[in-house]
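Colleague: Following is a predicted model, sequence given first.
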Amino acid sequence: MDDRASELDDDSLLRRIQEGDHEAFASLVHRHTKRFFSVAYRIVQHRDDAEDIVQGAFLKLWERPDLWDQRKQTKFTTWFYAVVTNLGLDHRKRKRPLPLSDEIDLVDGRPGQDDLLHHKQRRALLDGVMLDLPERQQLALDLCFYEGLSNQEAADVMGINLKAVQSLIMRAKTTLKERLKDALVKVPQGAE
């Protein structure tokens, strides 16, 4: 990879990509793949599908670099979050997400495994409850809490105003608390 390309900011790389510069594209992909894989994975809950979504989003950018318009003064990452998010949501509508079973290791009796299993069970419970939330509430939580975007950045990605994002997050948190409380009450003592 061209060291000079890796030192450029996103806007400069995108201008070079619009001119057909493969090195600039490779640098942008290398810089942001992990970030966008994370958001895709949170949406579809499957590693291979998330990789396909991110790869498809970058391919779309390479084939149509004019889709990102610097004149709109939107940061590349904000715009690309929206692209990846939309592809992920479209994918999820076509295919029901798989459980996180590919992420859970079998218990082998080593010290600390009980704690790890307990943590993974709670995480699986939270993920399951989150999947039952309305799509926009899930997305707002994913962007703000898992991806670390500000509420305003999440609003920009989702194409809504700041107050709407704040409302979605508040409703999602309330629903999650109620459902998790109910789910934990149903778990027999000592089983969690």
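Modeller: Here it is on my side, so go on.
Colleague: make it CA atoms for all contacts and neighbour counts henceforth
Modeller: Will do.
Colleague: give me the low-pLDDT residue ranges for the chain?
Modeller: Residue ranges of the chain with pLDDT under 70: 1-5, 73, 96-120, 123, 183-192.
Colleague: most centrally placed residue in it?
Modeller: For the chain, Val39 is the residue whose C-alpha lies nearest the centre (C-alpha atoms, centre = their mean; 1.2 Å).
Colleague: Following the record's annotation, map out the domains of the chain.
Modeller: 1-98, 101-192 (automatic domain parsing).
Colleague: most neighbours per residue, which of those domains?
Modeller: Ranked by mean neighbour count, the domains of the chain are led by domain 1-98 with a mean of 17 (mean count of other C-alpha atoms under 10 Å).
Colleague: Run the chain-centre distance for that one.
Modeller: Mean-position distance between domain 1-98 and its chain equals 12 Å (C-alpha atoms, centre = their mean, to the nearest Å).
Colleague: I'd assumed Ala82 was in contact with Met158.
Modeller: Yes: using C-alpha atoms under 8 Å, Met158 is in contact with Ala82, at 6.6 Å.
Colleague: Tell me which residues are up against the lengthiest helix in the chain.
Modeller: Scanning the chain for the longest helix, with DSSP state H as the assignment, gives helix 162-186. Identification of contacts with helix 162-186 by C-alpha atoms under 8 Å, 6 or more residues apart in numbering yields 125-126, 129-130, 133, 136-138, 140-141, 151-152, 154-155, 192.
Colleague: at 10 Å instead, please
Modeller: 122, 125-126, 128-130, 132-134, 136-142, 144-145, 150-156, 158-159, 191-192 (C-alpha atoms under 10 Å, 6 or more residues apart in numbering).
Colleague: Then stretch 131-146?
Modeller: For stretch 131-146, contacts defined as C-alpha under 10 Å, 6+ apart pick out 38-40, 42-45, 81, 85, 89, 97, 125, 130, 147-155, 157-158, 164-173, 175-176, 179.
Colleague: which residues of this protein fall in helices?
Modeller: Ranges of helices in the chain, per DSSP H, are 3-6, 10-18, 22-44, 47-63, 76-94, 113-131, 135-141, 151-158, 162-186.
Colleague: would you list the ones you listed in a markdown table and tack on distance to Gln70?
Modeller: Below are the helices of the chain laid out as a markdown table (distance: least, C-alpha to C-alpha, whole Å):
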| stretch | distance to Gln70 |
| --- | --- |
| helix 3-6 | 18 |
| helix 10-18 | 7 |
| helix 22-44 | 16 |
| helix 47-63 | 14 |
| helix 76-94 | 8 |
| helix 113-131 | 35 |
| helix 135-141 | 25 |
| helix 151-158 | 15 |
| helix 162-186 | 22 |
